[in-house]
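Peer 1: What shape does this take:
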Amino acid sequence: MATHPIVRFPDPRLRRKAEPIVHIDEEVKTLARDLTETMHAAPGIGITAPHIGVLRRLVVIQLEADPEPHIYINPEIVWSSSEMIRHVEGSVSMPGVTEVIERPQQVRVRYRRLDGIDHEEEAEGLMAICLQHEIDQLEGIFWIDRLSKLKRDRLIKRFEKLQRVRA
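Peer 2: Numbers count the residues shown, from 1 in each chain. Below you'll find the model as predicted:
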């Protein structure tokens, strides 16, 4: 396993749509392991292949209570609830800044597992938020796109200031 450098905002690769994974081969399995290690090192609870510059539809999520990471290949949301939930979000590609985002409280996601079996699962709360956040990223929708222009501009300014301080 290896950690990879994380693509940082405003890198244009974060706005590109990821390509579907057709074959689950050793390269995809290695990518899943590397993504898991990179997510742990960041640290974060979710990461996509585009976060490390690989435009493939692969997501890894591991919440604090999860003993093992969840790996999603070609995930898609097939249903979402009308009930909404607000939660503080951030990104491994934009460390140090967060903001409240509103999303559906529950989702049903269809995806393929590493063993090649198609699967569907429902999620609620934080797992539902993470799935939506990471699937957005696969679509080239960066999390700050869910903010109003005013909030997005303020957040970008905060991030840029933070980057100057760290430099």
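
Peer 1: which residues are contacting the helix ranked longest in the chain?
Peer 2: When the chain is parsed with DSSP state H, its longest helix is helix 149-166. Outside helix 149-166, the residues within contact range by Cβ atoms under 8 Å, 6 or more residues apart in numbering are 9, 94, 96-97, 99, 144-145, 147. Any C-beta I mention is one placed from the backbone N, CA and C, and that applies to glycine too.

Peer 1: Now with 10 Å, please.
Peer 2: With contacts defined as Cβ atoms under 10 Å, 6 or more residues apart in numbering, helix 149-166 is touched by 8-10, 90-91, 94-101, 142-148.

Peer 1: Stretch 17-32 now?
Peer 2: Residues outside stretch 17-32 that contact it (Cβ under 10 Å, 6+ apart) are 1-2, 4, 48-50, 52, 54-60, 69, 71-74, 76, 112-117, 135, 137-141.

Peer 1: Restricted to strands, list these.
Peer 2: With DSSP state E as the criterion, strands contain 48, 58-60, 71-74, 76, 112 from among these.
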